[in-house]
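[1] Below: sequence and its predicted model.
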Amino acid sequence: MNFNQLSVALVAASLAATACKTDLTGLNTNPNSPTTAPAASLFSNATAATLGRWNGSGNTLSMTSLFAQHVAQVQYVDEDRGHIRPTTVDGFYSGAYTAEMEDYQKVQEQGKAANNANLWGPAVVMQSWVFQNVTDILGDIPYSEALKGDAGGSLRPKYDSQKDIYYGLLKTLTDAAVGMKASTGDGFGSADLIYKGDASKWVKFANSLRARLALRMSNADAAKAAAELSSAFAGGVMTSNADNAMMAWPGDGVFDNPWAASFATRDDHRVSKTLLDTMNVLGDPRVKVYAQPTKADATKYTGLQNGMDNVTVTPFFNTTSRPGAIFYPGITTYGTFGTSAGKKTPSYILTYAEVEFMAAEAAERGLGGQTGAAAHYNAGVTASIKQWGGSDAAAAAYLAQPGVAYVAGAEGLKRIGLQKWISLFTQGTEAWSEWRRTGNPATIKMGPSAYPDVLQVPRRLLYPSNEQSVNATSLAEAIARQGPDLTSTRVWWNK
């Protein structure tokens, strides 16, 4: 005991003697709680979080795929009748900023410090996609002052107009494409869950996303849209399904396709009658991929009417089609409706099929220097069918049908919009946004048991309620500029 006391005294004396010479603040650093992380780890984490949030069950199955009438609710039908839980919007809004967009911001900082565009460029593209989702759902949002709080920026950032956000995203995507095209630095390799570090594919993705934004704003700002479309296509866009921006999930029970993860424990959804009626009339070969036969009759693929109440919808539980088996994990809790491969089904961000439909529309409308609307349309339909496992022969037979074959003019634009809407299955925000922009298909409308205060399919979502508490002044300015905080208020590009 005396020896131990002496040792403690000697240590204390030593510390006292050297305190003036030694910085001891490092003792306050917890090695198990790092304040930074490697860019590759941040990028992987953000990518999985992003796809889970925007292509997962919360956004698509509970909101946007209902609005686009790709799916319908057969149980717990509040959202399908027009009421969205405020907490759902709060979670998407806050989570997008504090989780993946913050991670992408840190990756950009590290990539730029290393002067490596193949690190910061993909982070710019993915962050731009998240910003696009948030603004397309809500309209005006924090953008230019966002994500700067930990660097001394405002904790109550202003809301930028959607026009300014779109202009900003077009610029950052252009810079990212140019930077990656010229860069010789290493990418993320296997930590890149989308392209495995292939910079050339990231360049195509950046330009294709830029083209999407340009076309979306074409009714609100035609001159800018045309110029951006021309530049984006000239910069190099996706040219085959091998370029698709998607995440193929490991399917390991931890990182599964988010639809499959939801369907593992819930049986709340059926394919919408709006979608399946359209596809059945056209003899679409994707019907058996998007949907399963009804439980009551294995020969029928029947969609469910959107917007019914709990009592009215109950008899349709076994007589309407669940989403396709490729979205199920081979569950046995309420019957086997899929295979274990469903856990690995990819989630799509932007596809070659969409690029071809964009080119077809631009050519038909005389935008961005595009020509050959029919050829682009045929390529888009073929790419979508093959993306979902079909063949060239199946696509050719489908395109040969009078109701599918391309015709010029207004009818051609209608068919482009319809086929694009069909191709965007599982991409709820995109399908809903395209309907808002084009009006295709015209059959989308509120269901028979819609809540009395919901007179039309939403044009946007309400701002998150927590913004009223933490950023009320900026929010009020946005509402005054954009219009009432109602689901019927149209965002800037939705002219």
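    Received, thanks. Residues are numbered from 1 along each chain as shown.

[2] Please make it C-alpha for all contacts and neighbour counts, starting now.
    Fine.

[3] Centre of the chain to the one helix or strand Ser433 maps to, how far?
    Following DSSP states H and E, one finds Ser433 within helix 428-438. Distance, stretch centre to chain centre, for helix 428-438: 12 Å (Cα atoms, centre = their mean, to the nearest Å).

[4] In CSV, list the C-alpha atoms belonging to that helix.
    Output in CSV follows, covering the C-alpha atoms of helix 428-438 (Å, rounded to 0.1, in the frame of the first residue of the first chain):
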residue,chain,number,x,y,z
GLY,A,428,-42.5,6.5,-56.7
THR,A,429,-41.3,10.1,-56.6
GLU,A,430,-40.3,10.0,-60.3
ALA,A,431,-43.6,8.4,-61.4
TRP,A,432,-45.6,10.9,-59.4
SER,A,433,-43.5,13.8,-60.6
GLU,A,434,-43.9,12.8,-64.2
TRP,A,435,-47.7,12.5,-63.8
ARG,A,436,-47.7,16.0,-62.3
ARG,A,437,-45.7,17.4,-65.1
THR,A,438,-47.4,15.6,-68.1
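
[5] I'd like the mean pLDDT over the helix or strand following it, please.
    Next along the chain after helix 428-438, taking DSSP H and E as the criterion, comes helix 466-470. In this model, helix 466-470 has an average pLDDT of 90.

[6] residues of the next helix or strand along the chain from helix 466-470 that come out buried?
    Sequence order places helix 472-482 as the next helix or strand after helix 466-470, per DSSP H and E. The neighbour-count check on helix 472-482 (16 or more other Cα atoms under 10 Å) flags 474-476, 478-479, 482 as buried.

[7] Same check on stretch 244-263?
    Buried-residue list, stretch 244-263, by 16+ other Cα under 10 Å: 244-251, 255-263.

[8] Okay, and which of those residues map to helices?
    Mapping these onto helices (DSSP state H) picks out 258-263.

[9] what's the nearest residue to the residue at minimal distance from the centre of the chain if we skip its chain neighbours?
    Compute the mean C-alpha point of the chain, and by Cα atoms, centre = their mean the closest residue is Trp54, 4.3 Å away. Leaving aside its chain neighbours, Trp54 sits nearest to Thr60 (7.1 Å; criterion: Cα to Cα, 6 or more residues apart in numbering).

[10] How many residues are close by that neighbour?
    Counted with other Cα atoms under 10 Å, the neighbours of Thr60 add up to 24.

[11] Name the SS class of it, please.
    helix (DSSP: H, G, I helix; E, B strand; the rest coil).

[12] Please apply the same query to the one 4 residues further on.
    At Thr64, secondary structure determined by three-state DSSP is helix.

[13] Please give me every residue in contact with it.
    Listed by Cα atoms under 8 Å, 6 or more residues apart in numbering, the contact partners of Thr64 are 428-429, 431-432.

[14] just Ala39 next, same as before
    Counting by Cα under 8 Å, 6+ apart, Ala39 has contacts 106-107, 110-111, 119.

[15] can you tell me which of those are in helices?
    In helices, judged by DSSP H, the following of the contacts of Ala39 are found: 106-107, 110-111, 119.

[16] which of those tops the neighbour count?
    Using other Cα under 10 Å as the neighbour criterion, Leu119 leads the ones in helices among the contacts of Ala39 with 28 neighbours.

[17] Now do the same contact list for the closest residue to that residue other than its chain neighbours.
    By the measure of Cα to Cα, 6+ apart, the closest residue to Leu119 outside its immediate chain neighbours is Gly111, 4.9 Å from it. Listed by Cα under 8 Å, 6+ apart, the contact set of Gly111 reads 39, 117-120.

[18] Closest to Thr88 out of the residues you listed?
    Ranked by distance to Thr88 (Cα to Cα), the contacts of Gly111 are led by Ala39 at 29.4 Å.

[19] how far away is the closest one from Val130?
    Remark: distance between Ala39 and Val130 (Cα to Cα, to the nearest Å) = 18 Å.

[20] Then Leu350?
    The gap separating Leu350 from Val130 is 13 Å, by Cα to Cα.

[21] now do Pro452
    With distances taken as Cα to Cα, Pro452 is found 32 Å from Val130.

[22] Comparing the two, which shows the higher neighbour count?
    Remark: of Pro452 and Val130, Val130 carries more neighbours, 20 against 8, as counted by other Cα under 10 Å.

[23] circling back to that earlier point, save the ones in helices among the contacts of Ala39 as JSON lines, and put in distance to Lys224 and pLDDT too.
    Below are the ones in helices among the contacts of Ala39 laid out as JSON lines (distance: Cα to Cα, whole Å; pLDDT from 0 to 100):
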{"residue": "Lys106", "distance to Lys224": "31", "pLDDT": "96"}
{"residue": "Val107", "distance to Lys224": "30", "pLDDT": "97"}
{"residue": "Gln110", "distance to Lys224": "32", "pLDDT": "97"}
{"residue": "Gly111", "distance to Lys224": "30", "pLDDT": "97"}
{"residue": "Leu119", "distance to Lys224": "29", "pLDDT": "97"}
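
[24] Ala72 should be in a strand, yeah?
    Yes. The assignment for Ala72 by three-state DSSP puts it in a strand.

[25] which residues touch Thr187?
    For residue 187 the amino acid is Gly, not Thr. 118-119, 197-199.

[26] For it, give its distance to His376.
    32 Å.

[27] what's the answer for Asn116, then?
    To His376, Asn116 is 35 Å away according to Cα to Cα.

[28] Of these two, which one has the most company?
    Between Asn116 and His376, His376 has the larger neighbour count (other Cα under 10 Å), namely 23 against 19.

[29] so which strand or helix has that one?
    Using DSSP H and E, the element containing His376 is helix 373-387.

[30] Would you confirm that Ala395 contacts Val381?
    Yes. Counting by Cα atoms under 8 Å, Ala395 does reach Val381; the two are 7.0 Å apart.

[31] Helices of the stretch 51-200 of the chain, residue ranges please.
    65-67, 86-95, 101-113, 117-138, 162-182, 199-216 (DSSP state H, counting those that start in this stretch).

[32] By mean pLDDT, show me the worst of those helices.
    Least confident of these, judged by mean pLDDT, is helix 86-95 with a mean of 88.

[33] what angle separates that one from helix 117-138?
    Angle between the axes of helix 86-95 and helix 117-138 is 150 degrees (criterion: axes from the mean of the first three to the mean of the last three Cα atoms, to 10 degrees).

[34] quick one: buried residues of helix 86-95?
    Buried residues in helix 86-95, counted by 16+ other Cα under 10 Å: 89-90, 92-93, 95.

[35] residue ranges with poor pLDDT in the stretch 301-450 of the chain?
    Where the stretch 301-450 of the chain drops to pLDDT under 70, the residues are 331-338.
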